[in-house]
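*Asks:* this is the structure alone, sequence omitted:
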DNA sequence: AAGACGTGGAA
DNA sequence: TTTCCAAGTCT
């Protein structure tokens, strides 16, 4: 049952008042009705996709220091961008962000589209990010429906289906709440409410500005809504990683394939990731010695066990990757899996 | 249109 | 240890 206009207006007002008092201070957030730099908003939104605020804080400033403007980002090599992104995960985002900057500069003369439809055409911007950009950066009165908002709105209206089965309805219900003024603050307020009050587990209804109107709260269903979807366990995979050193002690690394896990990231050579057992497929023939123990790493859909092999050679053959000294190696950014493998190897040595 | 795609922190 | 999940997008 849709809410009446006066009720919507009251909810919106109450949330904005709550936001003024309790909204979080975040590095990428501008308070007081100023328009933030759209590029800053984009960088933060891309980083925040499926990633916690605490984690993003460690990368956001560093990234902007390295690429201060959208033109600087567009000029940069994608490899440099991936380096700066290393450790943050979901590396496709870095490539998409880079492609977005290039598209904006080359096809839009560095002028931002300000509508959701225009923004959605840019690489990396889906329904959520386009809405967030339109509302936060351009003050368009549109909704930005992320996981927080799905949860808050599902509870407010007492929707018992899993949000993903209901996404159009949730989007419409959210849009109905968006004020003509302060749409950017409203979008961020709704997400803050979800992140700090209307949390997935044990929501703090006592502190919620919407508790009086919340159907889930009235029915005592706040812990049951939104409905949970069973998740599959990650399957296990096994692979070997190869630490190859030349006569100077330099280590051989290469780029991962451009698709799949850790795509385009620098990495040690690895054999295929198999579901039963470790295949021995070294980059070259040599006296390979197994390093004791193993490394385990969990991706979203994969649990990977890695055996580390090492060898020294005196005359390096022609290979496609790079040979790096230990200091140079440490200066590069690495995916966490590679950090673990290096650490394991150094400890055993 | 399910599944791929990283990582870290909390319970 | 395991499970959940955090400002999603792309294919």
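*Replies:* Great, that's in hand. Everything numeric in this text was worked out from a predicted model, so none of it was measured.

*Asks:* pull up the residues of the stretch 151-300 of chain A that are close to DNA strand B.
*Replies:* Contact residues, the stretch 151-300 of chain A versus DNA strand B (C-beta under 7 Å from any atom of the strand): A:201, A:232, A:259-263, A:297-300. Where C-beta positions appear, they are placed from N, C-alpha and C, glycine not excepted.

*Asks:* any regions of chain A where pLDDT drops low?
*Replies:* For chain A, applying pLDDT under 70 flags the ranges A:1.

*Asks:* now the helices for it?
*Replies:* For chain A, applying DSSP state H gives helices covering A:5-22, A:38-48, A:53-66, A:70-75, A:78-85, A:92-107, A:116-120, A:127-132, A:147-157, A:167-177, A:183-196, A:215-219, A:326-331, A:336-348.

*Asks:* buried ones in the fifth one?
*Replies:* In this case it means helix A:78-85. Residues A:80-85 are the ones in helix A:78-85 that count as buried (16 or more other C-beta atoms under 10 Å).

*Asks:* before we move on, what about the first one?
*Replies:* Of all the residues in helix A:5-22, those buried under the rule 16+ other C-beta under 10 Å are A:8, A:11-12, A:14-16, A:18-19.

*Asks:* what do you get for the third one?
*Replies:* Residues of helix A:53-66 classed as buried by neighbour count (16+ other C-beta under 10 Å): A:53, A:56, A:59-60, A:63-64.

*Asks:* packing partners for it?
*Replies:* With contacts defined as 3 or more C-beta pairs under 8 Å, 6 or more residues apart in numbering; DSSP states H and E, the packing partners of helix A:53-66 are helix A:38-48, helix A:78-85.

*Asks:* would you mind listing what in the stretch 1-150 of chain A touches DNA strand C?
*Replies:* Close to DNA strand C, as judged by C-beta under 7 Å from any atom of the strand, the stretch 1-150 of chain A has residues A:26, A:28-29, A:44-45, A:48-53, A:90, A:92, A:96, A:123-130, A:132, A:146-148.

*Asks:* kindly recompute the last result at 6 Å.
*Replies:* A:26, A:44-45, A:48-53, A:90, A:96, A:123-129, A:146-148 (C-beta under 6 Å from any atom of the strand).
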